[in-house]
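Novice: Give me a model of this one.
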Amino acid sequence: MDWTAVTVITSSEAVEAVSYLLTSEGAQGVQIDDSADFANLHAGKYGKYGEIIDPEEIPHRKEGAAVTGYFPAKAFVPELIPTISAKVTKLKDYGLNPGKATVTAEAVNNEKWATVWQKYYHPLRVTNELTIVPEWEEYQPAQESERIIYLDPGMAFGTGTHPTTRLMMEALEKVIRGGESMIDVGTGSGVLSITAKLLGAGEVAAYDVDEVAVRSAKKNIALNPAAKDIHLGVNSLLDGIHTQVDIVVANILAEIIVPLIPQAYENLKPGGLFLTSGIIDDKAGLVREKLTAQGFIIDSETKMKDWHGIIAHKPSEEEE
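Specialist: Here you go, the predicted model:
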C-alpha cells in the first residue's frame with residue numbers, strides 16, 4: 001500500500017498538538033523529527049556494535065520540528081492541506097507556537113516509511129531506572145538496576161523523547177510500589193503501560209481510540225516479556241468502562257483531559273492516583289481548576305519546557 005506523507009514544519013512545543021491534529025484528519029500514523037530529542041542525549045553506546053558515538057555527529061534537525069502524517073492513497077490530500085494549514089496556524093490561539101507552520105505533501109511507499117525515520121531514534125535514558133531502546137539496536141545497560149523498555153513505535157505516538165512522555169514515566173517511577181492496578185488512557189505506543197509493568201504494577205489495561213496505535217502497542221508489548229499480560233482495547237477515553245483501579249494515567253492534550261476527569265474519578269478507588277500530562281502552559285490552570293472541582297486533591301506538579309505533568313488523587317475514605 002502506498003501513502004501520502006503530509007509534513008508540517010512547526011515548533012518543538014507544538015509537536016504533540018500537530019500529531020493529534022494530523023491523526024484527527026485521517027493520518028494512519030505519524031513520524032516526528034524533533035530537534036529537542038537531541039537536547040537530552042549525551043555521548044554513549046549508540047553504535048550498532050556498542051561503540052561510543054557523540055550525538056552531535058548523528059544527522060539531525062537543528063531547530064524546530066517536522067511532524068509527518070501518513071495518509072492512505074484514498075485520501076484526497078490536496079483538499080486536506082489547506083485545512084491542516086489553517087488548524088496549525090490556529091494553534092497560537094491555544095497558547096502554542098505553531099513555528100513556520102508550512103505544510104507539504106509527497107507520495108511514499110511502505111518500504112520508505114519503515115526505514116526513513118529510524119535514523120532519528122536512539123537509546124534514551126529517561127530516568128535513573130528507565131531506558132528506552134529501539135528494538136533494532138543493541139544496548140548495554142550502564143547499571144544493574146537499569147530497566148530496558150524495547151520499542152518499535154511504528155505509526156504510533158510515544159517514543160519517550162517528548163517531554164510529556166518523560167514527565168509521565170518519571171511520575172510512574174515515583175508512585176508505583178508494586179501490585180497496583182492501572183488504566184492507561186490514550187496509550188499510543190504503549191510505553192507508559194510497559195513502564196508500569198517493568199516497575200512492578202499488577203493488572204494494567206491500555207486503551208486508545210486509534211486502532212493503529214493499539215496494533216503498535218501490541219507489537220511493543222511483545223518486545224517486553226514482563227508486559228505480556230497488559231490488556232489492550234480500542235476505546236474512546238473511558239466511555240463505557242466502570243471499574244475501580246489504583247492508577248489512571250493519561251498523556252493526552254488538555255482539551256481531552258478535561259472530559260476524562262469525571263470518568264477517571266469514577267474509575268479510581270478511594271485514594272487512587274490520576275497522573276496526567278500533555279498540558280501546555282496556558283492550559284495548566286484550566287486542568288487544575290477542573291481537577292479540584294471534581295474533588296481531586298493535587299499532590300504535585302512538574303514541568304519540562306512548556307509542558308506540565310500533574311499527580312492528583314481521589315480522596316480516601318478518611319479524607320472524605
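
Novice: looking at this structure, which helix or strand does the model trust least?
Specialist: The helix or strand of the chain with the lowest confidence, counting by mean pLDDT, DSSP states H and E, is strand 52-53 at a mean of 45.

Novice: helices or strands next to the helix or strand following that strand in the packing?
Specialist: Using DSSP states H and E, the helix or strand that follows strand 52-53 in sequence is strand 65-72. Packing partners of strand 65-72 (3 or more CB pairs under 8 Å, 6 or more residues apart in numbering; DSSP states H and E): strand 2-10, helix 15-24, strand 30-34. In this view, the C-beta of every residue, glycine as well, is placed from N, C-alpha and C.

Novice: repeat that with 10 Å
Specialist: When contacts are defined as 3 or more CB pairs under 10 Å, 6 or more residues apart in numbering; DSSP states H and E, strand 65-72 sits against strand 2-10, helix 15-24, strand 30-34, helix 77-89, strand 102-109, helix 110-116.

Novice: between these, which gets the lowest average pLDDT?
Specialist: For the helices and strands packed on strand 65-72, mean pLDDT drops lowest on helix 110-116, to a mean of 58.

Novice: so how far is the next helix or strand after that one off the chain centroid?
Specialist: Next helix or strand after helix 110-116 toward the C-terminus (DSSP H and E): strand 124-125. Between the centre of strand 124-125 and the centre of its chain there are 15 Å (CA atoms, centre = their mean, to the nearest Å).

Novice: Follow the chain on from strand 124-125 and name the next helix or strand.
Specialist: strand 130-134.

Novice: As a check, name the ranges of all helices in the stretch 101-250 of the chain.
Specialist: Using DSSP state H, counting those that start in this stretch, the helices assigned to the stretch 101-250 of the chain run over residues 110-116, 163-175, 191-198, 211-223.

Novice: Present those as TSV; the columns should include distance to Val15 and mean neighbour count.
Specialist: Below are these laid out as TSV (distance: least, CB to CB, whole Å; neighbours: other CB atoms under 10 Å):
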stretch	distance to Val15	mean neighbour count
helix 110-116	18	12
helix 163-175	9	23
helix 191-198	15	27
helix 211-223	16	20
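
Novice: So for Asp2, which of those helices sits nearest?
Specialist: Proximity of the helices of the stretch 101-250 of the chain to Asp2 was assessed by CB to CB; the nearest stretch is helix 110-116, lying at 7.5 Å.

Novice: Can you give the strand pairings for the lengthiest strand in the chain, parallel or anti for each?
Specialist: The strand that spans the most residues within the chain, counting by DSSP state E, is strand 268-280. Sheet pairing for strand 268-280, assigned by DSSP bridges, gives strand 245-251 (parallel), strand 307-313 (antiparallel).
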